[in-house]
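[1] coords please:
(one chain, ligands or ions: 1)
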Amino acid sequence: MPHGKTVEHFGKDDKPMTNDDVDAPPRRNNRYLLMRHGHSEANARGIIISTPARGLAHYGLSRQGQDQLAALLAEWPAPAPTRILYSDFLRTRDTAERVAGHFGLHPQAEPRLRERHFGILEGQPDSRYGEVWAQDARDPAHRLHGVESVEWVAARMRAVIDALEARCRDETILLVGHGDPLQILLTSLEGRPLGEHRDRPPLAPASLTALVCVEHASRTRLRPRR
Ligand SMILES: O=C(O)[C@H](O)COP(=O)(O)O
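    All right, here's what the predicted structure looks like:
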């Protein structure tokens with residue numbers, strides 16, 4: 001399959017979008033859209049919020065994140081989801097509920113989509129991600145600072161896809177999650193070494209990535225055409 005920038009007509013209203021990456025994927029029963037939550041209060045404060053104790057009830061979308069969601073929903077650059085699963089952290093729940101409301105769906109909480117647990121770095125400045133990511137590149141099984149290993153994150157994220165493949169057919173399923181877990185999932189699905197997950201361009205808040213799909217043999221980062 002070719003690599004490079006292409007334009008593909010993709011979506012219920014046939015809006016063209018760019019895709020920066022085209023890979024040969026396995027055939028799947030469903031189409032998947034991966035979404036990072038909108039900009040959050042934790043992102044705004046530059047801190048790591050990775051534990052259910054804090055993340056389930058606090059640190060929802062910032063004003064910037066709410067605006068990102070409104071803009072995305074005004075010009076949704078993908079097929080309409082038929083099912084939405086989300087990490088039950090507040091920032092992802094809020095994101096999922098806004099998308100679900102727009103499409104008239106009832107989103108389902110899926111704890112396996114939660115943020116990677118960053119151990120003793122919880123509440124620390126997000127500048128500390130770098131030391132974990134550096135160690136990830138050396139050893140995807142490491143638990144430096146008590147963080148959840150890349151291997152564990154990959155396993156629980158892959159399990160979500162596997163379960164959906166087993167029970168759903170021909171659906172467009174939106175998974176709303178967090179930066180590291182989604183990057184790790186993509187790296188795993190591409191069959192690349194898990195330690196390379198931060199070699200991918202970072203997924204921006206409120207970004208949408210299509211993981212293809214029955215009809216379309218490509219993996220596509222989606223953007224409305226400006
Ligand atoms: O990838 C990252 O920078 C962190 O996982 C951020 O987590 P978040 O997506 O919950 O902000």
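[2] how about the nearest residue to residue 143, chain neighbours excluded?
    Ranked by Cβ to Cβ, 6 or more residues apart in numbering and with sequence neighbours excluded, the top spatial neighbour of residue 143 is residue 149, at 5.8 Å. All C-beta spots, glycine's among them, are computed from the backbone N, C-alpha and C.
[3] Measure how buried the closest residue to the ligand within the chain is and give me the count.
    Closest approach between the chain and the ligand, counting by Cβ to the nearest ligand atom: residue 179, at 2.3 Å. By other Cβ atoms under 10 Å, the residues close to residue 179 number 20.
[4] wait, what's in contact with it?
    By Cβ atoms under 8 Å, 6 or more residues apart in numbering, the contact set of residue 179 is 36, 202-203.
[5] And the residue nearest to residue 143, its phi and psi?
    Main-chain torsions, residue 149, degrees, to the nearest 10: phi -70, psi 160.
[6] quick one: the residue of the chain closest to the ligand and residue 198, what's the gap?
    10 Å (Cβ to Cβ, to the nearest Å).
[7] Touching stretch 156-165 from outside, list them.
    For stretch 156-165, contacts defined as Cβ under 8 Å, 6+ apart pick out 28-30, 32, 85, 110, 112-113, 171, 173, 175, 177, 181-182, 184-185, 188-189.
[8] Quick check on the residues you listed: which are buried?
    28, 30, 32, 85, 110, 112-113, 171, 173, 175, 177, 181-182, 184-185, 188-189 (16 or more other Cβ atoms under 10 Å).
[9] among the residues you listed, which are in strands?
    Taking DSSP state E as the definition of strands, the buried ones among the contacts of stretch 156-165 contribute 32, 85, 173, 175, 177.
[10] Quick check: which ranges of this protein have low pLDDT?
    Counting by pLDDT under 70, the low-confidence segments of the chain come to 1-26, 212-226.
[11] and it, which residues reach the ligand?
    Counting by Cβ under 6 Å from any ligand atom, the chain comes close to the ligand at 36, 40, 43, 115-116, 129, 178-180.
[12] which of the residues you listed lies closest to residue 65?
    residue 40 (5.8 Å; Cβ to Cβ).
[13] May I have the beta-bridge partners of the closest one?
    Under the criterion DSSP bridges, residue 40 forms beta bridges with residue 61.
[14] wait, it sits on residue 63?
    No. With contacts counted by Cβ atoms under 8 Å, residue 40 stays clear of residue 63, the gap being 10.9 Å.
[15] Looking at these two, which is more packed in?
    Between residue 40 and residue 63, counting by other Cβ under 10 Å, residue 40 is the more crowded of the two (25 against 10).
[16] ok now do the more buried one, which residues does it touch?
    49, 59-62, 65, 91, 205.
[17] What about residue 56, how many residues nearby?
    Residue 56 has 16 nearby residues by other Cβ under 10 Å.
[18] quick revisit: what's the farthest-apart pair in the ones in strands among the buried ones among the contacts of stretch 156-165?
    Distance extremes for these: the farthest pair is 173 and 177 at 12.3 Å, using Cβ to Cβ.
[19] What residues sit buried inside the lengthiest helix in the chain?
    When the chain is parsed with DSSP state H, its longest helix is helix 150-167. Neighbour counts using 16+ other Cβ under 10 Å place 150-154, 156-157, 160-161, 164 of helix 150-167 among the buried residues.
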